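Colleague: heads up, no residue letters with this:
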């Protein structure tokens, strides 16, 4: 369908993956700096994970989650161990959209209120409700979105929607949620949903105290905090989950993408008090199937045994330091932001307007030289680095050197 477009003007056909590398049908090798949009955290075709998946495929592939399997229980127990705060009970499904939809459903069941607060420029999925709580126009393709949803300013310090400056602003974007509750809702909305770091919006990293202030406001109104960790989870930001960088524990959390390292699996996870109110029958035909849960267990093992969170933190610091050096020479780079290996470099003109065409040209040239880097941002002008977390120090140097050469050649 025409809604699905290729990333490049001259797309290659990818046929093989190996850890942080991809190969096309012509045999060309690429350093992957996007990881299938934060999916392949443990690397493409990781032998340790592939082995577990193959063993499971040859043993038991599917029975539906209305039946008991060992992997299903074991993965739920592991997630209860590694998730922050009192998050304890898991419902498995197959996609990030399904996980955020389930999280919002659970919140409305518990609070008996279906009103939702979301952030401008957030992205939460392709279902009807997921589109409706999405705050980016290009992704709100449903002509009749769900009602009862209210949007608050997002914490985008480089282009503050309130025209303020941090820290003098006193987190005005967070305080604005209080006004939204008072003026646009019943006074006790059921849920607030936000990506811990807004991915599609351009890797928007909130100020340190933002999520804590938001949680305080929500708690005063009996509103649940849902952390959308679909892109940010599983060691991407230097912590197992990005919300841990902000010293806050959500009431419900949605996860997907990297949990399966390419296998389709997602989940929404809640405290026992909240989860135990979901008593009417619920199932997901393929959710938590034996193969995907085998992948999930292998992923958690690999992240821990290979210290991927530590590598993400170190390589992310290296990457942003290198980008800051390039920024001094190349004014096209207007802002650099990120945590761990989730880093954005915003391309702008001299007047700070988005330089989307220039970014596309740079990304196409880098692809031709063996480097795959993503893009996002509302104006599609943010270079997005979200590589497999197995990426090395030399790999980071290589992509920085390639970027410097391209920017110099194009006089940007």
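Modeller: On my side now, so go ahead. Since we're looking at a predicted model, the values are computed, not measured.
Colleague: how about stretch 264-273: buried residues?
Modeller: Using 16 or more other Cβ atoms under 10 Å as the test for burial, stretch 264-273 gives 264-271. All C-beta spots, glycine's among them, are computed from the backbone N, C-alpha and C.
Colleague: now stretch 384-393
Modeller: Here stretch 384-393 shows 384-391 as buried, counting by 16+ other Cβ under 10 Å.
Colleague: ok, now stretch 319-336?
Modeller: Those buried within stretch 319-336 under the rule 16+ other Cβ under 10 Å are 319-320, 322-323, 326-327, 330, 332-336.
Colleague: residue 394: neighbouring residues, count only.
Modeller: 8 (other Cβ atoms under 10 Å).
Colleague: which SS state does it fall under?
Modeller: helix (DSSP: H, G, I helix; E, B strand; the rest coil).
Colleague: need the phi and psi values for the closest residue to residue 230 other than its chain neighbours.
Modeller: Nearest non-adjacent residue to residue 230, counting by Cβ to Cβ, 6 or more residues apart in numbering: residue 96, 3.8 Å away. The phi/psi pair for residue 96 (degrees, to the nearest 10) reads phi -60, psi -40.
Colleague: distance check, residue 96 against residue 54.
Modeller: 25 Å (Cβ to Cβ, to the nearest Å).
Colleague: neighbour-wise, which of the two wins?
Modeller: For residue 96 versus residue 54, neighbours defined as other Cβ under 10 Å are more numerous around residue 96 (25 against 12).
Colleague: about what we covered before: export the buried residues of stretch 264-273 as TSV, with columns for secondary structure.
Modeller: Shown next, in TSV, are these (three-state DSSP):
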residue	secondary structure
264	coil
265	coil
266	strand
267	strand
268	strand
269	strand
270	strand
271	strand
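Colleague: quick check, nearest of those to residue 147?
Modeller: residue 268 (22.5 Å; Cβ to Cβ).
Colleague: hmm, that closest one is touching residue 90, no?
Modeller: Yes: if you go by Cβ atoms under 8 Å, residue 268 and residue 90 touch, sitting 7.5 Å apart.
Colleague: mind showing which ranges of the stretch 51-200 of the chain have poor pLDDT?
Modeller: For the stretch 51-200 of the chain, applying pLDDT under 70 flags no range at all.
Colleague: where exactly do the strands run in it?
Modeller: Here the stretch 51-200 of the chain has its strands, by DSSP state E, counting those that start in this stretch, at 87-93, 116-119, 149-152, 191-195.
Colleague: export the ones you listed to JSON lines and append columns for distance to residue 132 and mean neighbour count.
Modeller: Shown next, in JSON lines, are the strands of the stretch 51-200 of the chain (distance: least, Cβ to Cβ, whole Å; neighbours: other Cβ atoms under 10 Å):
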{"stretch": "strand 87-93", "distance to residue 132": "19", "mean neighbour count": "23"}
{"stretch": "strand 116-119", "distance to residue 132": "8", "mean neighbour count": "26"}
{"stretch": "strand 149-152", "distance to residue 132": "6", "mean neighbour count": "20"}
{"stretch": "strand 191-195", "distance to residue 132": "11", "mean neighbour count": "26"}
